[in-house]
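In: Predicted model and sequence below, questions to follow.
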Amino acid sequence: MSHARASRSSRAPRGLRAWRASAAAACATLALAGCQADLRRSVAAIDEAYAGGRYEGAASIASDAARRYQDDRIDRVLWWLEAGRTEQAAGRIPESMAWYDRAYEEVRPYLDAKAEATVTEALVTTAVNQAMRTYRATPPERVMLCALQGANAFCAGDLARARVEFNRAADFQQDAAARFAKEINAAQDQANAAWRKEGWSAGISGEALGKVRAAQERPQAPAIGVGSFANPFASYLRAAFLLATSVDPGDRQNARADLRGVQEMVPGLAPAAEDIALVDAGGGLPAVTWVFFLTGLAPDYREFRLDIPIPVGNVNYVSGAFPVLRKRGDFVDGVSGEGGVRGVPIADLDVIVEAEFDARLPLIVTQEIISSAGKAAATWASSQAAYQQSGTAGVLVQIMGIAYQAASTAADLRCWSTMPKQVHLLRVPTPADGRLALVRPDGAPLASVGVDAGAPNVVLVTLPSARAQHAAVMRYRGSPAHGPPAPHATQGANP
């Protein structure tokens, strides 16, 4: 009898330990799910305020979140990007530059030295979900980060700093394609090895990938190349900076090279041809005004759930959650100036973001299936072991395991959601009266911008949605008679 009591006593702690371990894992994962839900709510609130043209309100939400989560290594780069962009639209350039600086310092090591992922991180994301990986910004986001920081410095009159930032954007563009493709391929090889170890059919992942692509209504992604990450806006903005601030022959030739690159990305672009002719003609600073119109919001993601035919225990399917790219259609498709001169589109961020995401999608699908199957198998094994010790403990372990799987099955939907959807360029002779009226395609006023007559001017106009009543405007006024420009960063229809 004493032996029976000892056996029951030894069994109970083991069953209890299994239940406690499962409960702890489930509770930790539920807490993680709560953090992810909070992030999504906060981003949605930022987007709502920003798209509605309430730039200061969006900046307050984003900056509060950036300060609150500044020690959160997983998500803080995302918060810094959102805070930098919304503060920029609100006209608070020093604050925007500070947030952008933080983001750059975090992603700078990945330019040419540091690997994008670590083994430890891969283990964590497989055990939980891919939203547990550290957010480092995508290659298109890094290019845009440096371009917009360059715009901050440019419009604030810090020309040396602007030059540095525009060069950084060019560096990220040049580095992205080769390193990105190489690291994606290496990660895919590792995932394929794990897949083969399980003995699963290769057709399973291919079928799942096809269904995810069908959910976002896009065909097979093209091969990644240099052009996949090239952002004509970043290149043209640097060219305009050089043309507006320098008569140095070297700078002029660098501007010409940027413009030729833009022509390769956007064939037949009339403003680029006009600016190349300007460089070739020589002379001093041109009386030209370049207006860059940043319209709409870049794509974000929604979650797509799918049952995968992989048997685990007595279940024939596991459930996976995948991100699906979603383009946002609320935007103003163009800008016009004096005399009805129409701007032309020079950068489509939808296409750039889509190319990068579609290149990663096969890896995302493979890793998610491995993760989902691994969690299901672990739950099954734990519950069976607990059943052998105690039926009650087995039931509890199974319940907690199911809760763990449900809470941890979530797609990684993080992205820099306040990036523009498109960038248009309006290039006009600088108005002699110092006022440039900008209108929407339907003729409604967009902004009236003060410029320096007889001088080069560069204007950035942000309108994140068609329903936004006012544009956010930044400008560089380069009157040669007054030396370096004073800072200009204004909001509203009549800056």
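Out: Okay, I see it. Numbering: from 1, shown residues only.

In: for A347, phi and psi?
Out: Dihedral pair for A347: phi -140, psi 130, per degrees, to the nearest 10.

In: Please report how far the nearest residue to V341 once chain neighbours are set aside lies from A281.
Out: Using C-beta to C-beta, 6 or more residues apart in numbering and skipping the chain neighbours, the partner closest in space to V341 is V428 (5.7 Å). To be clear about C-beta, it is placed using only N, CA and C from the backbone, and glycine gets the same treatment. Separation of V428 from A281 (C-beta to C-beta, to the nearest Å): 18 Å.

In: Same check on A66?
Out: For A66, the distance to A281 - C-beta to C-beta - is 46 Å.

In: Settle it for me: which of those two has more neighbours?
Out: Neighbour count, other C-beta atoms under 10 Å: between A66 and A281, A66 has more, with 26 against 8.

In: in the host helix or strand of the more buried one, what counts as buried?
Out: Element membership for A66 (DSSP states H and E) is helix 55-68. For helix 55-68, burial by neighbour count (16 or more other C-beta atoms under 10 Å) applies to 55, 57-63, 65-66.

In: now stretch 99-110
Out: By 16+ other C-beta under 10 Å, the buried positions in stretch 99-110 come out as 99-100, 102-104, 106-108, 110.

In: List the contacts of that stretch.
Out: Here stretch 99-110 makes contact (C-beta atoms under 8 Å, 6 or more residues apart in numbering) with 63, 66, 76-77, 80-81, 83-84, 87, 116, 136-137, 142, 145-146, 148-149, 152, 168.

In: now with 7 Å?
Out: With C-beta atoms under 7 Å, 6 or more residues apart in numbering as the test, stretch 99-110 has contacts from 66, 77, 80-81, 83-84, 87, 116, 136-137, 142, 145, 148-149, 152.

In: next one: stretch 251-269
Out: Surrounding stretch 251-269, the residues in contact under the criterion C-beta under 7 Å, 6+ apart are 227, 230, 232, 235-236, 238-239, 242-243, 272, 275-276, 279, 344, 346.

In: Mind checking which of these land in strands?
Out: Here DSSP state E is the test, and these give 344, 346 as lying in strands.

In: now, which of the contacts of stretch 251-269 sits nearest I369?
Out: Lowest distance from I369 to the contacts of stretch 251-269 (C-beta to C-beta) belongs to G227, with 30.8 Å.

In: rewinding a little: next secondary structure after the helix holding A66?
Out: helix 76-89.

In: Measure how far that following helix is from the centre of its chain, please.
Out: 11 Å (C-alpha atoms, centre = their mean, to the nearest Å).

In: Repeat that for stretch 61-79.
Out: Worked out by C-alpha atoms, centre = their mean, stretch 61-79 lies 15 Å from the chain centre.

In: And stretch 185-199, by the same measure?
Out: 27 Å.

In: mind listing what's buried in it?
Out: Within stretch 185-199, the residues that qualify as buried are 187, 190-191, 195, counting by 16+ other C-beta under 10 Å.

In: Using a markdown table, lay out those together with distance to A410 and pLDDT.
Out: Converted to a markdown table, those look like this (distance: C-beta to C-beta, whole Å; pLDDT from 0 to 100):
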| residue | distance to A410 | pLDDT |
| --- | --- | --- |
| A187 | 20 | 80 |
| Q190 | 22 | 82 |
| A191 | 19 | 83 |
| W195 | 21 | 82 |
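
In: Pick out whichever of these sits closest to L294.
Out: Once C-beta to C-beta is applied, the member of these that ends up nearest L294 is A187, at 32.5 Å.

In: My understanding was that the closest one contacts L363; is that so?
Out: Yes. Between A187 and L363 there is a contact under C-beta atoms under 7 Å: 5.5 Å.

In: just to revisit the earlier point, which strands and helices sit next to the helix holding A66?
Out: The contact analysis (3 or more C-beta pairs under 7 Å, 6 or more residues apart in numbering; DSSP states H and E) places helix 55-68 against helix 2-51, helix 76-89.

In: Kindly report which one of the ones you listed carries the lowest mean pLDDT.
Out: Mean pLDDT values for the helices and strands packed on helix 55-68 show the minimum at helix 2-51, a mean of 61.

In: G283 belongs to a strand?
Out: No. Using DSSP: H, G, I helix; E, B strand; the rest coil, the assignment for G283 is coil, not a strand.
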